[in-house]
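In: I need the structure of the sequence given here:
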Amino acid sequence: TLRLRGLEVVIKVQYPEVSRSIAADFANAERIVWLLDKSKVDDAREARKHHLEELDFQQEASNLLRVRQGLSQKFPEVKVPEPILEFCRPTVLVMTRLEG
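Out: Got it, this is the predicted structure:
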C-alpha cells in the first residue's frame, strides 16, 4: 500500500513475462484442441481472447468504475475500490485500499 493524496492505495503490477507466458500457453492449447476436436477451436480462441483482455489493467480499472457506480446506488453498503485512473496503465492498476 501507498499513500497518495491522503488516500491509502493498492498497486497491482503485472510482470512482463505474464502476457507472453499466457499467450504461449493458449497457442499450445489451441494446437492440442485442433488435434483432438477441430470443432472446439473457436471456443479455445474465445477463451484466449477473454484471458488476454483480463491482462489489460486499464480495462480492469474501467470495469471497477462501472461496477462501483452500478452498486453504489442500489447497494451503498457494498464497497468497491476506486481506481485512480491517472496512474493506471495496461500493466499497472492503482486503486483505493479497502479494509476487510
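
In: Name the residues of the top strand by length along the chain that come out as buried.
Out: Longest strand in the chain, counting residues (DSSP state E): strand 7-13. Residues residue 9 are the ones in strand 7-13 that count as buried (16 or more other Cβ atoms under 10 Å). For glycine as for every other residue, the C-beta is placed from the backbone atoms N, C-alpha and C.

In: Just the CA coordinates for it, please, in PDB.
Out: Coordinates of the C-alpha atoms in strand 7-13 are reproduced here as PDB (Å, rounded to 0.1, in the frame of the first residue of the first chain):
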ATOM      1  CA  LEU A   7      -5.600   8.000   0.200                       C
ATOM      2  CA  GLU A   8      -4.200   4.600   1.000                       C
ATOM      3  CA  VAL A   9      -3.900   2.800  -2.300                       C
ATOM      4  CA  VAL A  10      -3.000  -0.600  -3.600                       C
ATOM      5  CA  ILE A  11      -0.800  -1.000  -6.600                       C
ATOM      6  CA  LYS A  12      -1.200  -4.100  -8.800                       C
ATOM      7  CA  VAL A  13       1.700  -4.700 -11.200                       C
END
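
In: What segments of the protein are helices?
Out: 16-36, 41-54, 57-74 (DSSP state H).

In: Can you give me the distance of residue 57 to residue 70?
Out: Distance of residue 57 to residue 70, computed by Cβ to Cβ, to the nearest Å: 20 Å.

In: Show the pLDDT at the residue nearest to the spatial centre of the chain.
Out: Nearest residue to the geometric centre of the chain (Cα atoms, centre = their mean): residue 54, 3.9 Å. The score at residue 54 is 84. That number is its pLDDT.
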